[in-house]
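Visitor: Following is a predicted model, sequence given first.
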Amino acid sequence: MLVSATEMLQKAKAGKYAVGQFNINNLEWTKSILLTAEELKSPVILGVSEGAGKYMTGFKTVAAMVKAMDEELGITVPVALHLDHGSYDGCYKCIKAGFTSIMFDGSHYPIEENIEKTKELVSVAHAMGMSIEAEVGSIGGEEDGVVGAGECADPDECKAIADLGVDMLAAGIGNIHGKYPENWAGLSFETLAAVQDKTGVMPLVLHGGTGIPEDMIKKAISLGVSKINVNTECQLSFQEATRKYIEDGKDLEGKGFDPRKLLAPGAEAIKATVKEKMELFGSVGKA
Ligand code: 13P
């Protein structure tokens, strides 16, 4: 069931668990994530970066695929189709294409401009019944060409953006996209607590979910994180399983070259990763 992310995140905030956002790249990714969410009776958010949208030939294609798949698979759990780290133009494209949720990442603008653009997009998104995520501070590392310095968010700026009526807020707390370096200092729980203090019931978003130790994930949820984004970890699971299939020579046996066989271990590996995360985030049975 395609819905905005508003209600599922408010429930998660009140119930002290987090809903996973899993980024999609193609049909296999989408199918694996939807089937796992349904099996575990968990709400789920499908994240689409601008790069992945372009790869899948455009946001219209993505929205049509997700809507049709949700219907054909008989998915009953709440599913939000969400733009990840959207530009101003990208947000408008997704609003038109039929997404149910957008993220406007104005973190690289001066705060006044971030506020102005976010405010405009909040009113447009809400008029369409869509949810909207905003960002303050920045997520370190690189994701599909979006590069962040990784500075921690200013809690007062977070309050200013939260007051615009966004449905979820991503605040930089030392988190990084992709694999964490050996010398990573960990999440800044001090920043998270200060942001939570200023923003109250606002569902907070933790980007860079790949490779964050379990105890830190649990502590972040206890401090108000209600949405956790995972991208790289599904890519690594898919890669590892696909590599094994080929290294074991399975593609050379019989009809092992059939793409439906070749891609199957990777698709199963994504399911296992999504299951593990949903269990850790506490969203199982919450649909
Ligand atoms: P990872 O790729 O580090 O899991 O981050 C995902 C993310 O934050 C998407 O916005």
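Guide: Cool, got the structure. Numbering: from 1, shown residues only.
Visitor: Tell me the spatial nearest neighbour of Thr30, not counting adjacent residues.
Guide: Spatial nearest neighbour of Thr30, excluding adjacent residues (Cβ to Cβ, 6 or more residues apart in numbering): Ile24 at 4.7 Å. (Each C-beta comes from the backbone N, C-alpha and C, glycine too.)
Visitor: Okay, that neighbour and the ligand: tell me how far apart.
Guide: Distance, Ile24 to the ligand, by Cβ to the nearest ligand atom, to the nearest Å: 11 Å.
Visitor: Next, the contact list for that residue, please.
Guide: Thr30, Ile33, Leu46, Gly47, Val48, Ala52, Val62, Val66 (Cβ atoms under 8 Å, 6 or more residues apart in numbering).
Visitor: Try it again at 10 Å.
Guide: Residues counted as contacts of Ile24 (Cβ atoms under 10 Å, 6 or more residues apart in numbering) are 30-34, 46-49, 52-53, 56, 62, 65-66, 81, 84, 231, 234, 270.
Visitor: Equivalent analysis for Leu83, please.
Guide: Counted by Cβ under 10 Å, 6+ apart, Leu83 has contacts 47-50, 53, 59, 62, 90-91, 93-95, 97, 99-105, 130, 132-133.
Visitor: Ramachandran coordinates for the residue nearest to Thr30?
Guide: phi -110, psi 150 (degrees, to the nearest 10).
Visitor: just Ile132 next, same as before
Guide: Phi and psi for Ile132, reported as degrees, to the nearest 10, are phi -140, psi 140.
Visitor: if you skip the residues just before and after it, what's nearest to it?
Guide: Nearest residue to Ile132, sequence neighbours excluded (Cβ to Cβ, 6+ apart): Ala125, at 4.3 Å.
Visitor: That neighbour: neighbour count?
Guide: Residues lying near Ala125 (other Cβ atoms under 10 Å) number 25.
Visitor: Give me the nearest residue to Asp84, chain neighbours excluded.
Guide: Leaving aside its chain neighbours, Asp84 sits nearest to Gly47 (4.1 Å; criterion: Cβ to Cβ, 6+ apart).
Visitor: Report the next helix or strand after the helix or strand hosting Glu233 in sequence order.
Guide: Element membership of Glu233 [criterion: DSSP states H and E] is helix 232-247. Going down the chain from helix 232-247, the next helix or strand is helix 259-262, by DSSP H and E.
Visitor: Measure how far that next one is from the centre of its chain, please.
Guide: 27 Å (Cα atoms, centre = their mean, to the nearest Å).
Visitor: What about the ligand: which of the contacts of Leu83 touch it?
Guide: The residues of these that also fall near the ligand, by Cβ under 6 Å from any ligand atom, are Gly47.
Visitor: Show the buried residues in the contacts of Leu83.
Guide: Burial by neighbour count, 16 or more other Cβ atoms under 10 Å: within those this picks out 47-50, 53, 59, 62, 90-91, 93-95, 97, 99-105, 130, 132-133.
Visitor: So what sits opposite the residue nearest to Asp84 in the bridge?
Guide: The partner list for Gly47 in beta bridges (DSSP bridges) reads Asn23, His82.
Visitor: does it really touch Val79, like I thought?
Guide: No. The pair Gly47 / Val79 is not scored as a contact, 11.7 Å apart, by Cβ atoms under 10 Å.
Visitor: Name the residues contacting each of the two.
Guide: Ile33.
Visitor: Please report how far Ser283 lies from the ligand.
Guide: In this structure, Ser283 lies at 16 Å from the ligand, with Cβ to the nearest ligand atom as the measure.
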